[in-house]
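Asks: Next come a sequence and a model predicted from it.
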Number of protein chains: 2
Amino acid sequence: MTNQIDSEAILKALANPVRREILQWLKQPEHYFPAQHVSVSHGVCAGQIDAKTGLSQSTVSNHLAVLQKSGLICCQKVGQWSFYQRNEAVIQQFLQSLQRDL
Amino acid sequence: MTNQIDSEAILKALANPVRREILQWLKQPEHYFPAQHVSVSHGVCAGQIDAKTGLSQSTVSNHLAVLQKSGLICCQKVGQWSFYQRNEAVIQQFLQSLQRDL
């Protein structure tokens, strides 16, 4: 089943260098987040992303929310922690739609 | 020769529905601008684009400037008129870079 992607929200999400960088990092989580104690297979903890950006927790939280609302990443909550990973299906659908429509 | 594209500027330019629509129109100028007296082969006159959007001349002028600065469209001046067309080379480079880097 193909969900409808929100190209508008995705383009806005991508129009920011920090958000593009976070997406890059999440593409190779083992490489960019070697300090995470638990496996990165279910995502990277928000705290690890905060630390890597060097920005405030609230700023990064906003960036993650924009990425998540656009559908580019998804979040899994485990207890008090939030783990983020890319939504490759949405990313591929977006690339295909841009290739077709631009 | 491959010129460096400005993905940041392009993504910002695309993150607006009016600008995406203008790009769509310029893809098929004969279809969308049948009223233009001179051939659309060298571009579509700014006035025609203003009229089609239904927005003010200054608003459309800003949108065209953002698109032009990003490299997605180029402008040719003939006397007092400005004619706009898509820069397909830049659009293709952008799509390839996004496919590679996202």
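Replies: In hand now; what should we look at?
Asks: and chain A, which of its residues are near chain B?
Replies: Neighbours of chain B within chain A, by Cβ under 8 Å from any Cβ of the partner chain: A:8, A:11-12, A:14-15, A:17, A:23-24, A:91, A:95, A:98-99, A:101-102. The C-beta positions use only the backbone N, C-alpha and C, and glycine is treated the same way.
Asks: need those in JSON lines with secondary structure and neighbour count, can you?
Replies: As requested, those are exported to JSON lines (DSSP: H, G, I helix; E, B strand; the rest coil; neighbours: other Cβ atoms under 10 Å in any protein chain shown):
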{"residue": "A:Glu8", "secondary structure": "helix", "neighbour count": "14"}
{"residue": "A:Leu11", "secondary structure": "helix", "neighbour count": "21"}
{"residue": "A:Lys12", "secondary structure": "helix", "neighbour count": "19"}
{"residue": "A:Leu14", "secondary structure": "helix", "neighbour count": "25"}
{"residue": "A:Ala15", "secondary structure": "coil", "neighbour count": "19"}
{"residue": "A:Pro17", "secondary structure": "helix", "neighbour count": "11"}
{"residue": "A:Leu23", "secondary structure": "helix", "neighbour count": "18"}
{"residue": "A:Gln24", "secondary structure": "helix", "neighbour count": "13"}
{"residue": "A:Ile91", "secondary structure": "helix", "neighbour count": "19"}
{"residue": "A:Leu95", "secondary structure": "helix", "neighbour count": "15"}
{"residue": "A:Leu98", "secondary structure": "helix", "neighbour count": "19"}
{"residue": "A:Gln99", "secondary structure": "helix", "neighbour count": "13"}
{"residue": "A:Asp101", "secondary structure": "helix", "neighbour count": "11"}
{"residue": "A:Leu102", "secondary structure": "coil", "neighbour count": "19"}
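Asks: ok, these vs A:Thr53, which is closest?
Replies: Nearest to A:Thr53 among those, counting by Cβ to Cβ, is A:Pro17 at 10.8 Å.
Asks: Out of the residues of chain A next to chain B, flag the one nearest to A:Gly43.
Replies: Closest approach between those and A:Gly43, by Cβ to Cβ: A:Leu23, at 13.1 Å.
Asks: Look up the closest residue to A:Val78, ignoring the ones flanking it.
Replies: Using Cβ to Cβ, 6 or more residues apart in numbering or on different chains and skipping residues adjacent in sequence, the residue nearest A:Val78 is A:His42, 7.8 Å away.
Asks: And A:Lys69, by the same measure?
Replies: Per Cβ to Cβ, 6+ apart, closest to A:Lys69 is A:Ala9, 6.1 Å.
Asks: One more: A:Ala35?
Replies: A:Gln48 (6.7 Å).
Asks: Mind listing what's buried along stretch A:20-30?
Replies: Within stretch A:20-30, the residues scored as buried using 16 or more other Cβ atoms under 10 Å in any protein chain shown are A:20, A:22-23, A:25-26, A:29.
Asks: List phi and psi for the residue nearest the centre of chain A.
Replies: Of all residues in chain A, the one closest to the mean position by Cα atoms, centre = their mean is A:Ile73, 3.7 Å from it. Main-chain dihedrals, A:Ile73, degrees, to the nearest 10: phi -130, psi 160.
Asks: Fine, thanks again, bye for now.
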